[in-house]
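# no sequence on hand, only this structure:
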């Protein structure tokens, strides 16, 4: 029987983390020479769902980005018709494609350790990790043009809205857990086992552990986004930090100028020290406030999400509704993971 490789795992996280955190365009250098210049879908190195028909092979599509999904039909062989008379239909979004979510499956699996240095299962999946992962290549996005920064903004505007977040989640969610479990069960990958790496598939108990670990991360992010939606002060504090960071840069520049001109640097040195202290004080306050919402969360992740949220809301407070929608679907996603993990434990 053809193994159904559904394209759904962590599409919610993709929307609220990968799509957004990856598009921190305000911090991107103007020179994009180190980035890909051609914004086109990547070659099909990631295997699309087996039940997507051969006549529906993914091809570059530079049509306008609209929210209506397209339909991919399963290829029907004589043997398939005998086993399943009905043709399976799978809808695929025209902009956020199967290639993108398949890449997310790979990201989650590649960041799972069967045993860490303490002999316990662990995951390194994170919002910042998604930013780095999808910052290297725009895997699975179909947009017009060759300007990377413009393409990123286009995709963010398209996906990070309350309606689209909900639509994409409903489109891909029904079989999302099966996709991850299927890949973990049947696809050999290199996993960390203590200080070694082993290439193999995962056993049910290991898959259950992976699901539970990611469910915790997802649930934590949901809590943070819910807080951002209800209390914009959290994100605005990140804006204060960025302003303080700029003050540090200016103070440092003045100090370097004084050193180069061989003049007394006492005053400039004091200003730099004070600017650094103010910046770090704001950072501490941000992490402390967010830890009240998410006890046990890693400070670095909390600080990253605070800045990420600020950039999303900057100049557009309507995005607060998107955080609320994202929180809702992330909660549901975490529950799906927990439910499947419980099934595997039986």
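Noted; the coordinates are in hand. Since this is a predicted model, take the numbers as computed values, not measurements.
# measure the nearest residue to residue 252 once chain neighbours are set aside to residue 303 for me?
Leaving aside its sequence neighbours, residue 252 sits nearest to residue 272 (C-beta to C-beta, 6 or more residues apart in numbering; 5.6 Å). Backbone N, C-alpha and C define where each C-beta goes, glycine included. Here residue 272 is placed at a distance of 22 Å from residue 303 (C-beta to C-beta, to the nearest Å).
# pick out whichever of these two has more residues nearby.
Taking other C-beta atoms under 10 Å, residue 272 and residue 303 do not tie; residue 272 has more neighbours (21 against 18).
# determine how far the one helix or strand residue 214 maps to lies from the middle of the whole chain.
For residue 214, the host element (DSSP states H and E) is helix 204-230. In terms of C-alpha atoms, centre = their mean, to the nearest Å, the centre of helix 204-230 is found 13 Å from the chain centre.
# return the set of buried residues in that helix.
Neighbour counts over helix 204-230 (16 or more other C-beta atoms under 10 Å) mark 206-229 as buried.
# burial measure for residue 240, as a count.
Neighbours around residue 240, by other C-beta under 10 Å: 16.
# mind checking what secondary structure the closest residue to it other than its chain neighbours has?
Counting by C-beta to C-beta, 6+ apart, residue 282 is the residue found nearest to residue 240 once chain neighbours are left out, at 5.3 Å. Here residue 282 takes the helix state, with states given by DSSP: H, G, I helix; E, B strand; the rest coil.
# begin at 891, not 1, for the rest of this chat.
Fine by me, first position is 891 from now on; the one you just mentioned is residue 1172.
# can you pull the pLDDT of residue 1172?
On pLDDT, residue 1172 comes in at 95.
# my read: it touches residue 1134, true?
Yes - Residue 1172 lies in contact with residue 1134 (C-beta atoms under 8 Å); the separation is 5.4 Å.
# ranges for the helices of this structure?
Under the criterion DSSP state H, the chain contains helices at 901-903, 909-911, 968-973, 988-1000, 1017-1025, 1038-1049, 1052-1062, 1066-1076, 1094-1120, 1123-1150, 1156-1183, 1189-1203, 1210-1235.
# so which helix or strand of this protein has the lowest pLDDT on average?
Least confident element among the helices and strands of the chain, by mean pLDDT, DSSP states H and E: helix 909-911 (a mean of 38).
# list of residues touching stretch 1123-1137?
1117-1118, 1165, 1168-1169, 1172-1173, 1175-1176, 1179-1180, 1196-1197, 1199-1200, 1202-1204 (C-beta atoms under 8 Å, 6 or more residues apart in numbering).
# now with 7 Å, please.
1117-1118, 1165, 1168-1169, 1172-1173, 1175-1176, 1179-1180, 1196-1197, 1199-1200, 1203 (C-beta atoms under 7 Å, 6 or more residues apart in numbering).
# what's the helix holding residue 1104 packed up against?
strand 1012-1013, helix 1066-1076, helix 1123-1150, helix 1156-1183, helix 1210-1235 (3 or more C-beta pairs under 7 Å, 6 or more residues apart in numbering; DSSP states H and E).
# elements contacting the last one?
This means helix 1210-1235. Contacts defined by 3+ C-beta pairs under 7 Å, 6+ apart place helix 1210-1235 against helix 901-903, helix 1052-1062, helix 1066-1076, helix 1094-1120.
# try it again with 10 Å
Applying 3 or more C-beta pairs under 10 Å, 6 or more residues apart in numbering; DSSP states H and E, we find helix 1210-1235 packed against helix 901-903, helix 909-911, helix 1052-1062, helix 1066-1076, helix 1094-1120, helix 1189-1203.
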